[in-house]
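Student: Structure of the sequence below:
(chains A and B)
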Amino acid sequence: MGEEIKKAVIEGKIYEIEELVNAALEHGEAANDILKDMISGMEVVSDLFERRVYYVPETLLSAHAMQRGLDIIRPLLNYDKVEVQGKVLIGTVAGDVHDIGKNLVSMFLEGAGFEVKNLGRDVPTQVFVEETRKYKPDILGLSAMMSTTIVKMREVIEALEEAGLRDDVLVIIGGAAASESYAREIGADGYASDAAKAVKLCEKLMKERGKRELVKEVPRSHAARHA
Amino acid sequence: MNSLKRFREAMQRGTPDRVPVAPMVNVPHASRVLGVKPWEYVTDNKLYVKGQLKAWRLYGYDWIFNHQPIQGITREERRAMRVENGFVVLPTELGTTLKIPLEGGPAVKEPALKSYDELDKLEMPDLDKPERWEPLKALLEKTKGEVYICSKVPAPFHYAAEWMRGMENFMLDMITQPREVHRLLEFMTEVAIEIGKRQIDLGTHGIMMEDPSAAAQVISPVHYREFAYPYEKKVCSALRKYGGEVIIHICGDTTPILEDLAKTGASCLSVDESVDLRDAKRRVGNRVALFGNVSVDTIYRGTRAEIEGNVEKCITSAGSEGYIVSSSCGLHAGTPIENLKVMVNAGKKMGAR
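Tutor: Numbers count the residues shown, from 1 in each chain, chains lettered A, B, ... in the order given. Now for the predicted structure:
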């Protein structure tokens, strides 16, 4: 059954997956195991996307299949046993209504075992700040597709600094308008050029973050700059 | 040789006195030059023309990119305009609602179609309204054949995706309901051809069709050939037969589909910076002129030397035959006027024979 569910995610069987998941549950399979099967399916999708075997339509279809499966098992999950890689808050900046890439990142991250809160598109700067305060993410992901809205990324980082939250969260950026050099320029902690790379970036940052928390007295570069 | 002749020569894959320079000046940049808000510029035909002319005179480039997708704003559209949470909300005649932030360019707020059942009710925008054509007429009148005027038609694939269905829906539709997608694309093709024919009747020199959703990072070459290419081709051949010449621009990578693009009947391909101009020239230079691809990032934040270096690299890679030097995509909002001057002047100097 597990293999079939994994395959349904890989192939984006949005019409069949609910039946498969229900059948597995009736069969006595634990929701947590079904989640693992779906996650391993998404890992394959993420790899296919990175190798350009899958493109946006195929990947979205898989992500939707996984979401449909998740909707069924979510109330049944034993959260103590779900390994969470980290908490990510993600959204597209104000004025920008593109969210397909950001949604892919969000779905891939969930697929990789991150807990993700997706704020949607056209998110005002203040909302990023308030949600960072409330949700306490390890990582905040900002997306901008348009050359006209990218400036909002800098605004969010400055607003986080003003609110005294900048040191509590790692900020990563992505989207057609963003770049590695822009990330450096605005003092973001990372940039990824596609959804698969974003997952790798988050995994890398979480490893480093673990280390950093052990040596709290070492100031981060931007903290030093504002000292 | 004036700009119009120079540009035309390059479009026909000839070698003019120098490589034409034609940066993709968009809403944020033209409104910046004029010193008005982007939304004022897009929603007022007179300001639009003024901004276009001011930018052209300021920089002295060889074209004017008449960049409104369904052309001039009509009285009805202006009347339906409203302000919501600091955005100007503009319903269009295609059924799509646009929103324009106070400091940025327009984006889609609500796509037109919730489902394909609504497709039968869709109507062609009213192209008889005189305000539609005010901008193009004024631009042609005021520039008196000095400069190449290139008007935009909405690419079927991109506008079906972004304006009509929303990207995410459309991407899934391609797999789950391809037949409906083709029906929508047929309709959008008619819209593009009708708009293009009107522009040609009025005397536009060229047609620009931007199809960024068809980029090779987004859809596979297989999907490109099924859903984007046939309609690009229909528009190009219809407009070509009607006496027009078309430039296709796709932001993002088009390396895997260059040969297809060259077969659409477009006269010229505008490529983003991820495409190697030398490679493109070798592969499709015998069929189409090339256009591009000085990095918009470099124009935005590069030093003088970096911008000039990028222009030089483009001209060296593409050569002076059948080539127009341009930005890789629409300019970043906030691109300094001085930087674009450096780009244009470098193009004029380095592209001279």
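Student: Show me the shaky parts of chain A.
Tutor: A:147-148, A:211-227 (pLDDT under 70).
Student: And the residue nearest the centre of it, how close does it get to residue A:90?
Tutor: Of all residues in chain A, the one closest to the mean position by CA atoms, centre = their mean is residue A:106, 3.5 Å from it. Distance, residue A:106 to residue A:90, by CB to CB, to the nearest Å: 5 Å. In short, each C-beta sits where N, CA and C put it, glycine included.
Student: what's the answer for residue B:221, then?
Tutor: Distance of residue B:221 to residue A:90, computed by CB to CB: 30 Å.
Student: With neighbour numbers in mind, choose between the two.
Tutor: For residue B:221 versus residue A:90, neighbours defined as other CB atoms under 10 Å in any protein chain shown are more numerous around residue A:90 (27 against 14).
Student: what sits against that one?
Tutor: When contacts are counted by CB atoms under 8 Å, 6 or more residues apart in numbering or on different chains, residue A:90 touches A:102, A:105, A:106, A:109, A:116, A:117, A:118, A:119, A:140, A:141, A:142, A:143.
Student: switch to 6 Å and redo it
Tutor: Contacts for residue A:90 (CB atoms under 6 Å, 6 or more residues apart in numbering or on different chains) come out as A:106, A:118, A:141.
Student: Then residue B:300?
Tutor: So, once contact is read as CB under 6 Å, 6+ apart, residue B:300 ends up touching B:332, B:335.
Student: Would you mark the buried spots in the helix or strand hosting it?
Tutor: Per DSSP states H and E: residue B:300 is located in helix B:296-301. With burial defined by 16 or more other CB atoms under 10 Å in any protein chain shown, the residues of helix B:296-301 counted as buried are B:296, B:297, B:298, B:299, B:300, B:301.
Student: Let me see the backbone angles for the residue of chain A positioned farthest from its centre.
Tutor: Ranked by distance from the centre of chain A (CA atoms, centre = their mean), the top residue is residue A:27, with 31.6 Å. Residue A:27 has phi and psi values of phi -70, psi -10 when expressed as degrees, to the nearest 10.
Student: Pull the number of nearby residues for the closest residue to it other than its chain neighbours.
Tutor: Once flanking residues are discounted, residue A:27 sits nearest to residue A:1: 6.1 Å by CB to CB, 6 or more residues apart in numbering or on different chains. Residues within reach of residue A:1, counting by other CB under 10 Å, total 16.
Student: Distance of residue A:1 relative to residue A:7?
Tutor: Using CB to CB, which is the criterion applied here, residue A:1 is 11 Å from residue A:7.
Student: re the thing from before, ok, the residue nearest to residue A:27 touching residue A:26?
Tutor: No - applying CB atoms under 6 Å, one finds residue A:1 not in contact with residue A:26, separated by 10.1 Å.
Student: which bits of the stretch 151-300 of chain B sit near chain A?
Tutor: B:167, B:168, B:171, B:172, B:174, B:175, B:218, B:219, B:220 (CB under 6 Å from any CB of the partner chain).
Student: Make a ChimeraX selection of the buried ones in these.
Tutor: A single ChimeraX command selects the buried members of those (16+ other CB under 10 Å):
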select /B:167,168,171,172,174,218,219,220
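Student: Which ones among the residues of the stretch 151-300 of chain B next to chain A lie within helices?
Tutor: Among those, the ones falling in helices (DSSP state H) are B:167, B:168, B:171, B:172, B:174, B:175.
Student: How confident is the prediction for the fifth one, by pLDDT?
Tutor: Put plainly, it is residue B:174. What the model reports as pLDDT for residue B:174 is 97.
Student: for it, what are its contacts?
Tutor: Contacts of residue B:174 by CB under 6 Å, 6+ apart are A:57, B:181, B:227.
Student: Specify the local secondary structure of the residue nearest to it when sequence neighbours are not counted.
Tutor: Setting aside the residues directly before and after it, residue B:174 is nearest to residue A:57 in space (CB to CB, 6+ apart), at 5.1 Å. Following DSSP: H, G, I helix; E, B strand; the rest coil, the label given to residue A:57 is helix.
Student: residues touching residue A:57, list them.
Tutor: B:171, B:174, B:175.
Student: of all those, which comes closest to chain A?
Tutor: Using CB to the nearest CB, residue B:171 is the member of the contacts of residue A:57 that lies nearest chain A, at 4.2 Å.
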